[in-house]
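**Q** When you get a sec, could you give me coordinates for this:
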Amino acid sequence: MRRRMISAAAAALVWTAAFSGPAAAGDADDIRATIGAQLDAFRAGDGAEAYSHAAPNVRALFPSPRSFMAMVKQGYDPVYRSQSAVFGALKPEGAGFRQEVNLTDSRGRSWVASYTLERQADGTMKITGCSIRKGDDLAV
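**A** Next up is the predicted model:
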């Protein structure tokens, strides 16, 4: 009896671990592609392209690419002018995901951008939020 309980507990643990990651195999690739495309658009100064990766909740707060870019330039310079990006931990969170990205800004300082993303009804992955914090000062 005890052996069966241990086996059942082990099976439940394996099953939980297997399904605690991204919901679909392509989620991690889509998340990295979405964030990477937005970072590329920022570097190129392409506000419309950068804005296209924003989820409806972000678009509701910033109803145009111009207002969105003004917010990014003012409050997210390490993201806006990043020199490099290295993707870190990805984990499910609520109805979406949280992706950590290690950034190096234009002055060589290290930052961590913590993105939240959700898959939309049309199948696209969109950025629902981003917060930044100072990194460990090791440039990437």
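
**Q** What are the boundaries of the strands in this protein?
**A** Counting by DSSP state E, the chain has these strands, from start to end: 84-93, 96-104, 110-119, 125-134.

**Q** out of those strands, which comes closest to Thr34?
**A** strand 125-134 (4.6 Å; Cβ to Cβ). (C-beta placed from N, C-alpha, C; glycine too.)

**Q** mind listing what's buried in that closest one?
**A** By 16 or more other Cβ atoms under 10 Å, the buried positions in strand 125-134 come out as 125-128, 130, 132.

**Q** pull the helix or strand with minimum mean pLDDT from this protein.
**A** Lowest on mean pLDDT, DSSP states H and E among the helices and strands of the chain sits helix 2-18, with a mean of 39.

**Q** Point out the one among the strands of the chain that comes closest to Val72.
**A** strand 125-134 (9.0 Å).

**Q** just checking, what packs against the closest one?
**A** With contacts defined as 3 or more Cβ pairs under 8 Å, 6 or more residues apart in numbering; DSSP states H and E, the packing partners of strand 125-134 are helix 27-44, helix 56-61, helix 77-80, strand 110-119.

**Q** Run the chain-centre distance for the last one.
**A** In terms of Cα atoms, centre = their mean, to the nearest Å, the centre of strand 110-119 is found 3 Å from the chain centre.

**Q** Just checking: what are the partner strands of it?
**A** strand 96-104 (antiparallel), strand 125-134 (antiparallel) (DSSP bridges).
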